[in-house]
Structure formats: structure tokens, C-alpha cells
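> predicted model, plus sequence, below.
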There are 2 protein chains.
Amino acid sequence: MIAPRRLYDFLPSGNGYRVRMALAELDLPFEYVPVDLLRAQSHTPEFLAKNPAGEIPVLELEDGTYLRESNAILCYLCEGTSLWPSGAVSRARAFQWMFFEQSNIDRVIGRARFRRRWPNAVATSTAEFERWYEHGYRALSVMEQHLAQASYFVDDRFGVADITLYAYTHCAEEGGFDLSLFPGLLAWFERVRARPKHVRIDAMPAVTALPPTSP
Amino acid sequence: MIAPRRLYDFLPSGNGYRVRMALAELDLPFEYVPVDLLRAQSHTPEFLAKNPAGEIPVLELEDGTYLRESNAILCYLCEGTSLWPSGAVSRARAFQWMFFEQSNIDRVIGRARFRRRWPNAVATSTAEFERWYEHGYRALSVMEQHLAQASYFVDDRFGVADITLYAYTHCAEEGGFDLSLFPGLLAWFERVRARPKHVRIDAMPAVTALPPTSP
């Protein structure tokens, strides 16, 4: 694996956070480059050259490669480590939860959270929030149902799927979701938080850098 | 790999289609079990036992395992085959396009197509369609930009990312998108269609079965 060099990220983002969680778990050092989404810093020509989709996080590798899409970066970092399931069916389960997260958590609970935290950034209708609540509660119920019989999401041990799913569910209350309805989720949050290398979503990584000069 | 046995699927679905494309490319036989989404057949207790999320496709393996989430099933089928990139960065690129697809094509263009084809299935506001058009055209432009310099999406050869991306983009006109704006995409569609084992989205798989008896 080519080692990571810099993470371009917006600290409150759950998408950035899942990459920070994996980097911490795996003891991988990196420089942290803040990108302020509220000031459209992900839509400058310099940033769009790194990611034409105009989204954070972007992980720059030591050879200058830019990786994008937080769940894809997570796969890159975790492949072949203890966070990556070893059997084909177990890997399919990890992928399953990661794609489930992308459609049902990230773009639903993550979005509701962003729009509530920064109500002036994008106008949001009541109907949109209602759709997110209906969809998001259904997704949380699918997770709760799984946790009724397991401590983690794949092979009953902490791994890449847990990192993905934790990022936006643990802060779903900021999106207006009532998590007290989900005791299995709350207990799983505690297990994740108890890990020795756990980092909080709002913890600025220790190794930081000034914005890099133009390439 | 445990071999596939049955695919539970709704023929017009791009999500089901991407699994059918991979099964055809890889010459894997399977029984086809139609699930009519318009009659809520994915929400019966029998189906929810296979997939608590109530979605098709579901791939049943020879040992009775049920795999869900079309992109995860695709990873399961393609891992270790010629459709799976061999380097870590190339695999990260394939994952990147698969997660990009999930958020920006599947849930945007795929949804617009479903709502236009079956306007009575779910009520849809004009504002929703407008958001999907804005978002979907942006996603198609990101793909077009990539295809200006490459024939395929990863390592310039046909693979898992092309299968994922083709499923809903090739029929985006059914969702109301004007594809004539994207000559690179149109040329890529032709390359995909020219593959010897290519199957069309509406082609009923040759090996089909009656709905299975209850387990």
C-alpha cells in the first residue's frame, strides 16, 4: 500500500470522520488539511482538480495520487488489515453494510444533520426532513435488528463496516433523530467508544499542516 | 467462492441488472425468481426474512446464504476475476466509482426513472424531479469528464466499475435525462454493448425457476 500523506477534510463531516477513525485505528500518520465547506472551499479550481465531484474527504498518497469517496478510501486503508474480513462471504457482508450506509445513512441521516446544523447553507423544506426521518428511522431499525443478535456488524468483531456505520449514526441526534428508541445501537456506540484508539468526530488530528502549495 | 443458486429480482431494475450483467460475463448459471415490486412482493414476511431492508436484488448462494445490496453482490461475484482490478490503488478507484454510483446515479437517476415509468407507484413532486435532474446531470458530467481521457472507468479496461455505472446510466433517458449532451458516455455504452456476453436490461435470464418453497 502506498502510504497516506494528507487528508483534505471538513472536521464536522461524518464522511471525513470515518477516514480519521480508520487512520487512528491503523496508526497511520497524516497531515490534516481543513477544507471549509461553508465557504465553498471544495469548489475552487484547485480542489476540483483533486476531486471533480467537489466533495471531501480526499486522501492524498505519498506518490501524489488522490483518493476520493470516503467508503472507497476506507476500503483502501483497511484491505488486508485486521479491520478487513478474511472470508468472501464476510467481505460481502462488509460491502453490504457499506453500500447500505451510503444510501440509507449518509445521504439521509448525514444530510438531515448537516441541514439542521447549518440551516442557512441550503434551503430545506419540511417535506424533505419528513422523508429523511421516515427513511432514516427505517435504516436505524435494520441496524437495531442486526444488533439484537450480534455485538458488531460482521463476524461479530469490530471492523470496516462498524467504522462506516458509526460515523453518522452516533451523531444522528444532531439530525433530529431520537436514539433512545434503539438500545442496541446505544450499546454498540459504547463498545466502539471504548476502543483504545478511538477518536471523537470533533477531535482535530494531532498532525496538521498548512494548506499545501499549488502542485 | 460459494456458487450462486438463485437471484431474486425485478426485471426492470438497474440494481438487479448489474448483478445479471456480472453473472452473464462470468458464465455463472442461476435460477431467476421474479419479485414484483409494484405488488409489494419485496415486503412480504418471507422476503423480509431474506432481506430486512425489503429490497431486490437478493442473491441466494448454494449454502443458503442470502447476499443483498447489488454493489456488494457485484463485489462478491467479481473479486478475484478479470473484472476485479489487481492493484490496491486501482481497486480503490473501482470502489470510488461504485460508491459514487450509489449516491449520485442509483438514488438519483435510477429513482427518477422509476418514478417516471410508474408514476402511480409513489407520488413525486416537481421539486423532487428538479433536484434529481440537477444532481443527475452533475454526476453524468463527472463521468463524461473521465471518459474524455479513457475508454473505461478503471485501468482503461472493462470491469466491475463499468458494470455498476452502466446499469442506470444507459437507460437514463427513461428518467428524463438528455444523453445527447454526453458523447463520451454514448461511445462507452457502445463499447459495453459490443461485449460478446452482453445482456440487455429487459432480457429475461435463460435459466428461470418457480418461486422457491418456504425454507
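Right, received. Where do you want to start?
> quick check: phi and psi at A:Leu67.
phi -100, psi 140 (degrees, to the nearest 10).
> bridged to it, which residues?
Taking DSSP bridges as the rule, A:Leu67 bridges to A:Leu59.
> name the SS class of A:Val122, please.
The three-state assignment at A:Val122 reads coil, by DSSP: H, G, I helix; E, B strand; the rest coil.
> now A:Ser180. Nearest residue, chain neighbours left out?
Sequence neighbours aside, A:Leu186 is the residue nearest to A:Ser180 in space, at 7.6 Å (criterion: CB to CB, 6 or more residues apart in numbering or on different chains). (C-beta placed from N, C-alpha, C; glycine too.)
> isn't A:Leu115 right up against A:Ser125?
No, residue A:115 isn't Leu; it's Arg. No - using CB atoms under 8 Å as the test, A:Arg115 is too far from A:Ser125 to be in contact (10.1 Å).
> who's more crowded, those two?
When neighbours are counted by other CB atoms under 10 Å in any protein chain shown, A:Arg115 comes out ahead of the other of A:Arg115 and A:Ser125, with 19 against 10.
> shouldn't the more buried one be within a strand?
No - looking at A:Arg115 with three-state DSSP, it is helix, so not inside a strand.
> report how many residues lie close to the residue lying closest to it once chain neighbours are set aside.
Closest residue to A:Arg115 apart from its sequence neighbours, by CB to CB, 6+ apart: A:Thr124 at 4.4 Å. As a burial measure, A:Thr124 scores 15 neighbours (other CB under 10 Å).
> need the per-residue pLDDT for A:Thr124.
Note on A:Thr124: pLDDT of 92.
> please apply the same query to A:Thr208.
60.
> who does the longest helix along chain A touch, helix- and strand-wise?
Counting by DSSP state H, the longest helix found in chain A is helix A:126-147. Applying 3 or more CB pairs under 8 Å, 6 or more residues apart in numbering or on different chains; DSSP states H and E, one finds that helix A:126-147 makes contact with helix A:111-117, helix A:160-169, helix A:183-193.
> which of the residues in the first one are buried?
Of the residues in helix A:111-117, those buried under the neighbour-count criterion (16 or more other CB atoms under 10 Å in any protein chain shown) are A:111-115.
> where does chain A dip in pLDDT?
A:207-215 (pLDDT under 70).
> and it, which residues reach chain B?
With the criterion set to CB under 8 Å from any CB of the partner chain, chain A comes near chain B through A:1-2, A:52-53, A:61, A:65, A:67-73, A:75-76, A:79, A:88-89, A:91-93, A:95-96, A:98-100, A:102-104, A:106-107, A:125, A:127, A:142, A:145-146.
> list the ones among those residues that fall in helices.
Per DSSP H, these map to helices at A:70-73, A:75-76, A:88-89, A:91-93, A:95-96, A:98-100, A:127, A:142, A:145-146.
> type out the ChimeraX command that picks the buried ones from those.
Buried residues among these (16+ other CB under 10 Å), as a ChimeraX selection:
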select /A:70,71,72,73,75,76,88,89,91,92,93,95,96,98,99,100,146
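> any idea which strand is longest in chain A?
Counting by DSSP state E, the longest strand found in chain A is strand A:4-9.
> helix A:160-169 and the helix or strand following it, what's the angle between them?
Downstream of strand A:4-9, the first helix or strand assigned by DSSP states H and E is helix A:14-25. On the basis of axes from the mean of the first three to the mean of the last three CA atoms, to 10 degrees, helix A:14-25 is oriented at 140 degrees to helix A:160-169.
> which secondary structure elements does helix A:14-25 contact?
Here helix A:14-25 touches strand A:4-9, helix A:70-78, helix A:160-169, going by 3+ CB pairs under 8 Å, 6+ apart.
> please redo it, this time with the cut-off set to 6 Å
Here helix A:14-25 touches helix A:70-78, helix A:160-169, going by 3 or more CB pairs under 6 Å, 6 or more residues apart in numbering or on different chains; DSSP states H and E.
> alpha carbons only: can I get that helix in CSV?
Only the C-alpha atoms of helix A:14-25 are listed here, as CSV (Å, rounded to 0.1, in the frame of the first residue of the first chain):
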residue,chain,number,x,y,z
GLY,A,14,-19.0,12.1,9.2
ASN,A,15,-17.6,11.2,5.8
GLY,A,16,-14.2,12.7,6.8
TYR,A,17,-14.6,11.2,10.3
ARG,A,18,-14.8,7.6,9.1
VAL,A,19,-11.4,8.1,7.4
ARG,A,20,-9.9,9.7,10.5
MET,A,21,-11.3,6.7,12.6
ALA,A,22,-9.5,4.2,10.3
LEU,A,23,-6.2,6.2,10.2
ALA,A,24,-6.3,6.3,14.0
GLU,A,25,-7.1,2.6,14.4
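> and the contacts of that helix?
Contact partners of helix A:14-25, identified using CB atoms under 6 Å, 6 or more residues apart in numbering or on different chains, comprise A:9-10, A:30, A:56-57, A:70, A:73-74, A:77-78, A:110, A:163-164, A:167-168, A:197, A:199, A:201.
> outline the domain layout of chain A.
Listed by automatic domain parsing, the domain ranges of chain A are A:4-78, A:88-193.
> just give the closest residue to A:Phe129, not the sequence neighbours.
Nearest residue to A:Phe129, sequence neighbours excluded (CB to CB, 6+ apart): A:Ala112, at 6.3 Å.
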